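**Q** Sharing a sequence plus its predicted fold:
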2 protein chains.
Amino acid sequence: MAVTIYEIAELAGVSSSTVARILRGDVKESHRRSAETAKRIRRLAREMGYRPNLRARAFSRGRTHGIGLLYTDDAWIFEGMNTEVVHSLVREVQRSKYHLVFAPIDSSGAWEEIVLGGQIDGGVVFHSLPPDVLAAVRERDLPLVLLGDNSDPSISQVVIDDTAGAYAATKHLLGLGHKRIVYFVHDTVKPHCSVAERRVGYRAAMDEAGVEPRECVYSPEENVIDILVRGNDRPTAIVCYSNLEATLIVHAMWQYGVSIPADLSVVGFNDLFATRYMTPPLTTVGFDAATIGELGARMLLQDIELPLEDRKPIVEMVKPKLIVRGSTGPAMRVAN
Amino acid sequence: MAVTIYEIAELAGVSSSTVARILRGDVKESHRRSAETAKRIRRLAREMGYRPNLRARAFSRGRTHGIGLLYTDDAWIFEGMNTEVVHSLVREVQRSKYHLVFAPIDSSGAWEEIVLGGQIDGGVVFHSLPPDVLAAVRERDLPLVLLGDNSDPSISQVVIDDTAGAYAATKHLLGLGHKRIVYFVHDTVKPHCSVAERRVGYRAAMDEAGVEPRECVYSPEENVIDILVRGNDRPTAIVCYSNLEATLIVHAMWQYGVSIPADLSVVGFNDLFATRYMTPPLTTVGFDAATIGELGARMLLQDIELPLEDRKPIVEMVKPKLIVRGSTGPAMRVAN
DNA sequence: GCTTAGCATGACACCGGTGGCAAATTGCAT
DNA sequence: ATGCAATTTGCCACCGGTGTCATGCTAAGC
């Protein structure tokens, strides 16, 4: 059905290799004859609506030009900032004529088909890979880039400076006169290096100010209310692990009549569109999702082009910055 | 590097066809010898870590087992409900050993590579296709399923009953005693059939109640404030086209001290996680995103398996339902 | 024991490009 | 005109499966 180089070759009276090379741009065309045939062949191809069969090319070259989007359920790629990262990833990868393929790592084992079946030339990982998957990928010599995880230094990665972000958030609160500041993590959050990193940043700022750090896990909800509303020694400010905690806390405080930021200051993490329109607009640590996708894609594509032995892991760190909005304010004077 | 059927065939002392057939399950194995060789070959394949080369299979069969995720920038697939639809799409497609490929329709022309290069066997469309793309897809006889758009009856589609949703929302407000109800659309919303359909539902309910319908475009913001805050004859309730309008209105009203729902009732459209935690929690029209993905995927996969002439467009309609939360309340008594 | 339908098997062409190699052609210098 | 290097061109094997066809084998029926 579709036009092939052989049909073009026949009509043009040349061999299929010539057609293939010309349409691929493998010919310098300095000779007079070459330039002429090249022009003729290109015209023919255009007229006949030729499109290289990418299945055939992938087979023959052993390269699909596919990039796997590898993620576990824990990575929540359909939530928050991650969707924006994926968005930029798609864009960047397209620019180099590659395409992105969903490769969820779940019990269905579909990832095996994709990775072991040779459907992709490399993978972008949200956030890290189970050991068996990693082993399989390694065996196939597929280059990888990890996004948002620094657990394996032997793989290239793009990470956010979580420590710096949490540090800045805590500093901001300390600067407003707060002393009783809590670091909050929701208990549905999977153990992930960023949880610890943000904690480190928080603690560093607290230590520096000579204030006692306090941590809390948001669960069960009652527990949180007890701490934030009924507690005797209740905190005046909160550093949230992410926007989830911030959203839930703002909502819970609204229910209990605790005013934000008058009675309680809240800092989130991640600059989602919606946080700008919360009541009050959320002060949060933000970073540019597009940068992460672009860096990741470029690092991966570079590795793919490189011969196996020249590949070496690179780590890129993205600096977040604090965006001050309405959910933080000066500490109450009356604080005991 | 990777194991092929030829290597297995050699070791097993049979032909490559036999290996291929046995590993594909094309053999009934009623004969004694067959059963024995089959067992031997399967064991060998397992021991050698054989994996069929899917590039080769795709080439040979002319089928990639890839499904294109076709979307324009206008479709916002990285926002709101759409991400959930994509999520379920991935899942459902995997169950049938297919994989999803991002195929954004933009000026980069990358979609041509994917569609015309034969990288996919079919496509899921958010929400509709530009004419040139549609023509290209048609020419390749690629089956399609449209999600959330009913503009082309010749293509299978999964649509939400927008009219019924907006009707239910408006009915709810009328039931609470509201008379001055406005239908709100943000001006960044692209012309899309759902805008009109929801308007129809809104109007139907208003007409039924014998109340004058009123529509508004959210832009510029000043305009909205004028209408909702300063207006003499200002509305007491709003039916929003989507959650975007609802979020912005709730936020703006908070700034102007208009209390929701006491002074103004707001109904959104789309049941996002975050709407549950807005202040107040949003009354909204919701539908199950997963259902849409599953239906769409199944319809498409069915079409792919079918011979060209047996394919006929199917339309599935998903019923939304009203979720009453805190942003709607009875109309004020003092209303003139 | 012989026939025969039915299934398993092997041989081989094919899908549509790629890439290495040898042969042909060209431009340029002598 | 001749030689030479540079470049283009054609030929062909190859990538790893699939599917068809002819042949070989098997088990059941007589």
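**A** Nice, I can see it. Model, not experiment: these values are computed from the prediction.
**Q** quick one: contacts for the residue in the stretch 101-250 of chain A that DNA strand C sits nearest to?
**A** Nearest to DNA strand C in the stretch 101-250 of chain A, going by CB to the nearest atom of the strand, is A:Asp121, at a distance of 13.5 Å. Just so you know, the C-beta spots here come from the backbone N, C-alpha and C atoms, and that holds for glycine as well. Taking CB atoms under 8 Å, 6 or more residues apart in numbering or on different chains, we find A:Asp121 in contact with A:63-67, A:98, A:142-143, A:304.
**Q** Filter those residues down to just the ones in helices.
**A** Using DSSP state H, the subset of these located in helices is A:Ile304.
**Q** what's the closest of the contacts of A:Asp121 to A:Val250?
**A** A:Val250 has its nearest neighbour among the contacts of A:Asp121 in A:Ile67, at 37.8 Å by CB to CB.
**Q** ranges for the helices of the stretch 201-336 of chain A?
**A** A:221-225, A:243-255, A:289-305 (DSSP state H, counting those that start in this stretch).
**Q** Mind giving me the packing neighbours of the first one?
**A** Identification of packing neighbours for helix A:221-225 by 3 or more CB pairs under 8 Å, 6 or more residues apart in numbering or on different chains; DSSP states H and E yields strand A:214-218, helix A:243-255.
**Q** can you pull up the bridge partners for A:His186?
**A** When assigned by DSSP bridges, A:His186 has beta-bridge partners A:Tyr218.
**Q** To clarify, my last question referred to A:Leu146.
**A** Taking DSSP bridges as the rule, A:Leu146 bridges to A:Val125, A:Gln157.
**Q** Can you get me a residue count around it?
**A** A:Leu146 has 24 neighbours, counted by other CB atoms under 10 Å in any protein chain shown.
**Q** hmm, who's touching the helix or strand of chain A with the lowest mean pLDDT?
**A** Within chain A, no helix or strand scores below helix A:221-225, which has a mean of 79 by mean pLDDT, DSSP states H and E. Helix A:221-225 is contacted from outside by A:216-218, A:248-249, A:252, A:256, using CB under 8 Å, 6+ apart.
**Q** so which of the residues you listed is the most crowded?
**A** A:Ile249 (24 neighbours).
**Q** Name all residues that make contact with the residue of the stretch 101-250 of chain A found nearest chain B.
**A** Ranked by CB to the nearest CB, the top residue of the stretch 101-250 of chain A for proximity to chain B is A:Gly117, at 3.6 Å. Residues in contact with A:Gly117, defined by CB under 8 Å, 6+ apart, are B:51-55.
**Q** would TSV of those residues with distance to DNA strand C, secondary structure and pLDDT be doable?
**A** Formatted as TSV, these follow (distance: CB to the nearest atom of the strand, whole Å; DSSP: H, G, I helix; E, B strand; the rest coil; pLDDT from 0 to 100):
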residue	distance to DNA strand C	secondary structure	pLDDT
B:Arg51	18	coil	94
B:Pro52	14	coil	95
B:Asn53	12	coil	96
B:Leu54	13	helix	97
B:Arg55	9	helix	97
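**Q** Those: which ones sit near chain A?
**A** B:51-55 (CB under 8 Å from any CB of the partner chain).
**Q** Can you add distance to A:Val3 and neighbour count and give the residues you listed back as TSV?
**A** Formatted as TSV, the ones next to chain A among the contacts of A:Gly117 follow (distance: CB to CB, whole Å; neighbours: other CB atoms under 10 Å in any protein chain shown):
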residue	distance to A:Val3	neighbour count
B:Arg51	32	18
B:Pro52	29	19
B:Asn53	26	20
B:Leu54	25	22
B:Arg55	21	23
